[in-house]
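Participant: Let's see this in three dimensions:
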Amino acid sequence: MEFDTVILGAGAAGLMCAAHAGGRVLLLDHARNPGEKIRISGGGRCNFTNLHTEPGNFLSANPHFAKSALARYTQWDFIALVERHGIAWHEKTLGQLFCDGKSTQIVAMLVVETARAGADLWLQTVLRDVSHDGHGFALSVEREGAAHQIKARNLVLATGGKSIPKMGATGLAYDLAQRFGLALTETRPALVPFTFTDGRFAPLSGVSLPVCAFNKRAGFDEAMLFTHRGLSGPAMLQISSYWREGEAISVDLAPGLDLFARLRAQRQSAGRRTLKTELAQVLPARLVDHLSGELGLDARLADQSDKALQAICAALTDWHLTPSGTEGYRTAEVTLGGIDTGGLSSSSMEAKAVPGLFAVGEAVDVTGWLGGYNFQWAWASGFAAGQAIAARKA
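Facilitator: Okay, here's the model as predicted:
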């Protein structure tokens, strides 16, 4: 069987590429259904893009690599596609866009687009082998118990990263990239909760509050959630992408609030109150109780000097924590790192040393922030590869 293009992976980037590549396209996936990560995203409503998408929202060994694709297929382009399909959407916080209905609407939209483009979709298909003879690619696959030999001029690696292995994620794209001589950067779980092996936060499980989580590389003003195993919530997921084992993170528990000025004023007007009572007005009471012994919060406000109040405020606004680790790929939303962008064209996503080989989406060393950015990279990189393939055929 001969095709112009074979795309490995019917996820966000693969589906987008198939919709634009033109010619005879075969889209392969081992899963039962296409777009499984799309389906589960955003609590089942799919945070499909972000209004504020720009290159600065992405991590990569080459921070300039994503600029070309993101500029050529923007968030506005995807929003226009969503609206053409009559899918209602709404904005949540920080520019995050979600479906009013279910995320399966986005999957259905992309499947329709690939069908309109004439692409064939093979699900529950296992890749047995793939090779390149200098002119094209030869693939051996198994589908419905039958073996198939396939030839194609172009091969697109769109199988994603290692995150959420229970959904079938593997390192296939990395293995194939290396087989064809492409380098990899270090890969690690990203957008992932932190763990603390001492169980210190188990009593606070379920408590959440707005914080600023930061380190020397980045900072994020979002919510933090205490869990039985550690810390989660958007702020923690975001800073996890900028964290390395053994490092501390800092947390401002009262962002935007002049805590010292507040405590000083209350010392004048309500000096008999304890620090615990006062702080419980602005922080969750369970958290204040948890910190009480460590910071001496049972003391009265009237008994605190300015220096003592400043020390307490510093402890609360620059709370140093050293996680034991993270929850790993099991719950990580994305994989940080991947196929080294140095071996790829930023305009077409094609491998410089292997004509006809493309890599898109999460498989590439481009990782977005939480909030729809990784989907926008999938749309943009898939579009870039698809357009490049279509232009070559024309």
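Participant: okay, CA-based contacts and neighbour counts for the rest of this
Facilitator: Fine.
Participant: Pull the distance from stretch 334-348 to the chain's centre.
Facilitator: 15 Å (C-alpha atoms, centre = their mean, to the nearest Å).
Participant: Mean confidence (pLDDT) on the helix or strand that contains residue 314, please.
Facilitator: Secondary-structure assignment from DSSP states H and E places residue 314 in helix 306-317. In this model, helix 306-317 carries a mean pLDDT of 97.
Participant: mind exporting it as PDB, just the C-alpha atoms?
Facilitator: In PDB, the C-alpha atoms belonging to helix 306-317 read as follows (Å, rounded to 0.1, in the frame of the first residue of the first chain):
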ATOM      1  CA  ASP A 306       7.700  45.400  64.200                       C
ATOM      2  CA  LYS A 307      10.700  43.100  63.800                       C
ATOM      3  CA  ALA A 308       8.700  40.100  65.000                       C
ATOM      4  CA  LEU A 309       5.800  40.900  62.700                       C
ATOM      5  CA  GLN A 310       8.200  41.400  59.700                       C
ATOM      6  CA  ALA A 311       9.700  38.000  60.400                       C
ATOM      7  CA  ILE A 312       6.300  36.300  60.500                       C
ATOM      8  CA  CYS A 313       5.200  38.100  57.300                       C
ATOM      9  CA  ALA A 314       8.500  37.100  55.600                       C
ATOM     10  CA  ALA A 315       7.800  33.500  56.500                       C
ATOM     11  CA  LEU A 316       4.300  33.600  55.000                       C
ATOM     12  CA  THR A 317       5.200  35.500  51.800                       C
END
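Participant: And that helix, what's buried?
Facilitator: Using 16 or more other C-alpha atoms under 10 Å as the test for burial, helix 306-317 gives 309, 310, 312, 313, 315, 316, 317.
Participant: any idea how far the third one lies from residue 303?
Facilitator: For residue 312, the distance to residue 303 under the criterion C-alpha to C-alpha, to the nearest Å works out to 13 Å.
Participant: Also the fourth one?
Facilitator: Taken as C-alpha to C-alpha, the spacing of residue 313 relative to residue 303 amounts to 15 Å.
Participant: Please apply the same query to the first one.
Facilitator: Here the criterion is C-alpha to C-alpha. By it, residue 309 lies 10 Å from residue 303.
Participant: what about residue 235, helix or strand, and which?
Facilitator: helix 234-240.
Participant: picking that back up, want to try JSON lines for the buried residues of helix 306-317, with distance to residue 5 as columns?
Facilitator: Putting those into JSON lines (distance: C-alpha to C-alpha, whole Å) gives the following:
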{"residue": "309", "distance to residue 5": "66"}
{"residue": "310", "distance to residue 5": "64"}
{"residue": "312", "distance to residue 5": "62"}
{"residue": "313", "distance to residue 5": "60"}
{"residue": "315", "distance to residue 5": "58"}
{"residue": "316", "distance to residue 5": "56"}
{"residue": "317", "distance to residue 5": "54"}
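Participant: for these, which one is nearest residue 286?
Facilitator: Residue 286 has its nearest neighbour among those in residue 316, at 14.4 Å by C-alpha to C-alpha.
Participant: For that closest one, give me its contacts.
Facilitator: Counting by C-alpha atoms under 8 Å, 6 or more residues apart in numbering, residue 316 makes contact with 251, 252, 253, 254.
Participant: Cross the residues you listed against strands and list the overlap.
Facilitator: Among the contacts of residue 316, the members found in strands (DSSP state E) are 251, 252.
Participant: Okay, strands next: where are they in the stretch 1-150 of the chain?
Facilitator: Applying DSSP state E, counting those that start in this stretch to the stretch 1-150 of the chain gives strands spanning 2-8, 25-28, 47-50, 58-59, 89-91, 96-99, 120-122, 125-132, 137-143, 146-157.
Participant: How confident was the prediction at the residue nearest to the spatial centre of the chain?
Facilitator: Centroid-nearest residue in the chain: residue 334, 4.4 Å away (criterion: C-alpha atoms, centre = their mean). Looking at residue 334, its pLDDT reads 97.
Participant: wait, it sits on residue 362?
Facilitator: Yes: counting by C-alpha atoms under 8 Å, residue 334 does reach residue 362; the two are 7.2 Å apart.
Participant: Give me the common contacts of those two.
Facilitator: Residues touching both residue 334 and residue 362 by C-alpha under 8 Å, 6+ apart: residue 161.
Participant: measure the nearest residue to residue 247 once chain neighbours are set aside to residue 332 for me?
Facilitator: What sits nearest to residue 247 in space, not counting adjacent residues and going by C-alpha to C-alpha, 6 or more residues apart in numbering, is residue 322, at 6.0 Å. Counting by C-alpha to C-alpha, the gap from residue 322 to residue 332 is 19 Å.
Participant: what about these two, which has more around it?
Facilitator: Neighbour count, other C-alpha atoms under 10 Å: between residue 322 and residue 332, residue 332 has more, with 22 against 14.
Participant: The more buried one and residue 192 touch, don't they?
Facilitator: Yes: contact between residue 332 and residue 192 holds when scored by C-alpha under 8 Å: they sit 4.4 Å apart.
Participant: pLDDT (mean, whole number) over stretch 352-369?
Facilitator: 97.
Participant: cool, and stretch 167-181?
Facilitator: The average of the pLDDT scores along stretch 167-181 is 93.
Participant: So for that stretch, what gets flagged as buried?
Facilitator: Buried positions in stretch 167-181, judged by neighbour count with 16+ other C-alpha under 10 Å: 169, 170, 171, 172, 173, 174, 177.
Participant: Can you give the distance of that stretch from its chain's centre?
Facilitator: Using C-alpha atoms, centre = their mean, the distance from the centre of stretch 167-181 to the centre of the chain it belongs to is 19 Å.
Participant: Equivalent analysis for stretch 259-269, please.
Facilitator: 41 Å.
Participant: Pull the number of nearby residues for residue 361.
Facilitator: 27.
Participant: residues touching residue 130, list them.
Facilitator: With contact set as C-alpha under 8 Å, 6+ apart, residue 130 has these partners: 137, 138, 139, 140.
Participant: The third one touches residue 125, doesn't it?
Facilitator: No: in this structure residue 139 lies outside contact range of residue 125 using C-alpha under 8 Å: 11.8 Å.
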